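Novice: next come a sequence and a model predicted from it.
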Amino acid sequence: MLRLLKNRDVLIFILAIFIAACIGWYTKEVEKSFVIIISLCGGVLIILSLFFNLKGYYLFLIAAIPISINTGIVGGAQLNFPSEGLLLMILPVLFVFNQDYRTTALRLVKHPLTILLIIDLIVQFFTSITGTHIDVSLKRVLIRFVFIASFYVITSQLFNKRELIKPWVLYSVGLLPVIYFTFRNHIHHSFNPRVVFSICQPYFNDHTIYGACLAFIIPILIILVVKNKVFKFSYWSRWALFILAFLVIISEILALSRAAILSLIVAYLFSVLLRYKVAFKSILIGLGLSLVVVFSLWNSIYDSIKQNEAVSNDGEIVNHFSSVTNLKSDASNLERINRWICAVRMFEERPLLGYGPGTYQFEYNQFQTLSNKTYISTNMGDRGNAHSEYLTYISETGIFGVIIFILTVFSSIYYGIQNHYRLIDPVLKQINLGI
């Protein structure tokens, strides 16, 4: 008996039986006891992997993002569980115990994009202090810091170039339960476009966010399928990726997000420019000339737009997409214009420091006018934000914040293009292209 008790595995087994018996005695319900035991086992496995298999923990975190649900915690704060809960657990462990993460983070601090992100955090902190809702703004800055810090986890966990595709594939796999859930809801409502707006809740707040998250991963999935010989996938891996890409693309179409589908078209056109090695400077010049042409011909363009009377919520899919230029009667488009005008007025009121990060939804109501309101307008800020990242920045962080944001966006594109032209390794080149 004493010899058995010296065996660590036997002791763990006896301890597990004892804990299970205690849970059963306390709950006096088999099903409830089973749920608690499974939850405890899962929790123990997560804690153990956090310290002994950090890469596996990180990859599981990525796969859990799509199925995470917004959950209320202490003080009225919201947390996407389990993904953000897992994220908050991994960061302290990395900072304290993981030398690779600290070394990589310190090395990447010198990169221009990291410097821009740090400056952005500093600007957001100061605009929070001078803002109208300091508590809301400081929470937003803290969340932003957590996400930026977690962004660099991938650089310390995935060293092998082939491992760089894992986050994208695992995120896609994590989307499968959501895809099934939304598809079942579509069937239940006979694929009626009118109900698409909330059909992916509670996993995503609305169809536009769902469509955007699908759009982010579609390019890399297409590349993995089309360029499978470059990645040297096995026969079954190629078929699995093809089915995964097919399901994600079908889900994107069913999401009926006009902006997401338009962004994919623009992404494809951008890839054509890269194929012909168009320089970043030439792309900027082309964008500038396009804006000049649009402004010079604006009256003619607007007259043409005014003739479009298609609306996005009449149940017709063709009208849903063609209504993107209807500025006369489509409530969705008119409400966006209403929000944009409010953001500009907020900037005019506080041009230097804005109202503080995360405050647009609390402040824009006072800048609405009856002439710009629509039947879907609200005074509570509970139906989207400014519908523009640029205008959100300029209204919440002022001129300094939006300049840093624009520099970050265009610097990301610039370094992405430079990487694409300089990379020789075909695997890294295709991954960079997808990203």
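Specialist: Sure thing, it's come through.
Novice: all contacts plus neighbour counts: C-alpha atoms, from now on.
Specialist: Fine.
Novice: give me the most central residue, the protein.
Specialist: Central residue of the chain (Cα atoms, centre = their mean): Cys213, 5.8 Å from the mean position.
Novice: in three-state terms, label that residue for me.
Specialist: Put simply, Cys213 is helix when judged by DSSP: H, G, I helix; E, B strand; the rest coil.
Novice: and it, how far from Asp206?
Specialist: Distance, Cys213 to Asp206, by Cα to Cα, to the nearest Å: 11 Å.
Novice: got it, and Leu264?
Specialist: Taken as Cα to Cα, the span from Leu264 to Asp206 is 19 Å.
Novice: the more surrounded of the two?
Specialist: When Leu264 and Asp206 are compared for neighbours, Asp206 comes out ahead with 19 against 16, by other Cα atoms under 10 Å.
Novice: my guess is Leu256 contacts Val196, does it?
Specialist: Yes: the criterion here is Cα atoms under 8 Å, and Leu256 meets it with Val196 at 7.3 Å.
Novice: overlap in contacts of the two?
Specialist: Shared contacts of Leu256 and Val196 (Cα atoms under 8 Å, 6 or more residues apart in numbering): His207.
Novice: neighbours of Leu269, how many?
Specialist: Counted by other Cα under 10 Å, the residues lying close to Leu269 total 12.
Novice: and it, how far from Ile122?
Specialist: When Leu269 is compared with Ile122 (using Cα to Cα), they lie 35 Å apart.
Novice: same deal with Gln99?
Specialist: Gln99 is 26 Å from Ile122, by Cα to Cα.
Novice: next one: Leu59
Specialist: Taken as Cα to Cα, the span from Leu59 to Ile122 is 30 Å.
Novice: the more surrounded of the two?
Specialist: It is Leu59, of Leu59 and Ile122, that has more neighbours when counted by other Cα under 10 Å, with 18 against 14.
Novice: what comes into contact with the helix or strand containing that one?
Specialist: Leu59 belongs to helix 54-64 when assigned by DSSP states H and E. If you take Cα under 8 Å, 6+ apart as the criterion, helix 54-64 is touched by 46, 49-50, 82-83, 86-87, 90, 157-158, 166-167, 170-175.
Novice: now, these that are in helices?
Specialist: 46, 49-50, 83, 86-87, 90, 157, 166-167, 170-175 (DSSP state H).
Novice: buried ones among the residues you listed?
Specialist: Among those, the ones that count as buried by 16 or more other Cα atoms under 10 Å are 46, 50, 83, 86-87, 90, 157, 167, 170-175.
Novice: confidence score at the spatially closest residue to Ser68 that is not a sequence neighbour?
Specialist: Distances taken as Cα to Cα, 6 or more residues apart in numbering place Phe81 nearest to Ser68, at 5.0 Å, with adjacent residues excluded. Note on Phe81: pLDDT of 80.
Novice: same check on Val173?
Specialist: pLDDT recorded at Val173 is 93.
Novice: ok, it to Ile376 distance?
Specialist: Distance of Val173 to Ile376, given as Cα to Cα: 35 Å.
Novice: do Arg238 as well
Specialist: Distance of Arg238 to Ile376, computed by Cα to Cα: 45 Å.
Novice: list the beta-bridge partners for the residue nearest to Ser68.
Specialist: According to DSSP bridges, the partner residues bridging Phe81 are Ile69.
Novice: ok, which stretches of the stretch 251-400 of the chain are strands?
Specialist: Here the stretch 251-400 of the chain has no strands by DSSP state E, counting those that start in this stretch.
Novice: how about low-confidence regions in it?
Specialist: Applying pLDDT under 70 to the stretch 251-400 of the chain flags residues 301-330, 380-384.
Novice: now the helices for it?
Specialist: Secondary structure of the stretch 251-400 of the chain by DSSP state H, counting those that start in this stretch: the helices cover 258-275, 280-296, 298-306, 317-322, 331-349, 360-363, 389-396, 398-422.
Novice: show me where the stretch 51-200 of the chain has strands.
Specialist: Here the stretch 51-200 of the chain has its strands, by DSSP E, counting those that start in this stretch, at 69-72, 78-81.
Novice: hmm, who's touching the last one?
Specialist: Contacts with strand 78-81, where a contact means Cα under 8 Å, 6+ apart, come from Ser68, Ile69, Asn70, Thr71, Gly72, Ile73, Gly85.
Novice: where do the domain boundaries of the protein fall?
Specialist: Domain segmentation of the chain under automatic domain parsing yields 2-111, 112-157+335-435, 163-276.
Novice: looking at those, which is nearest to Gly288?
Specialist: Nearest to Gly288, of all those, is domain 112-157+335-435, at 13.6 Å by Cα to Cα.
Novice: where among the domains of the chain is the average confidence lowest?
Specialist: Ranked by mean pLDDT, the domains of the chain end with domain 2-111 at the bottom, a mean of 71.
Novice: when Arg238 and Ile376 are compared, which one has more neighbours?
Specialist: With neighbours defined as other Cα under 10 Å, Arg238 and Ile376 compare such that Arg238 has more, 19 against 10.
Novice: how close does the more buried one get to Asp425?
Specialist: Remark: distance between Arg238 and Asp425 (Cα to Cα) = 21 Å.
Novice: ok, Trp168 next?
Specialist: On the measure of Cα to Cα, Trp168 and Asp425 end up 19 Å apart.
Novice: just Ser251 next, same as before
Specialist: Using Cα to Cα, Ser251 is found at 32 Å from Asp425.
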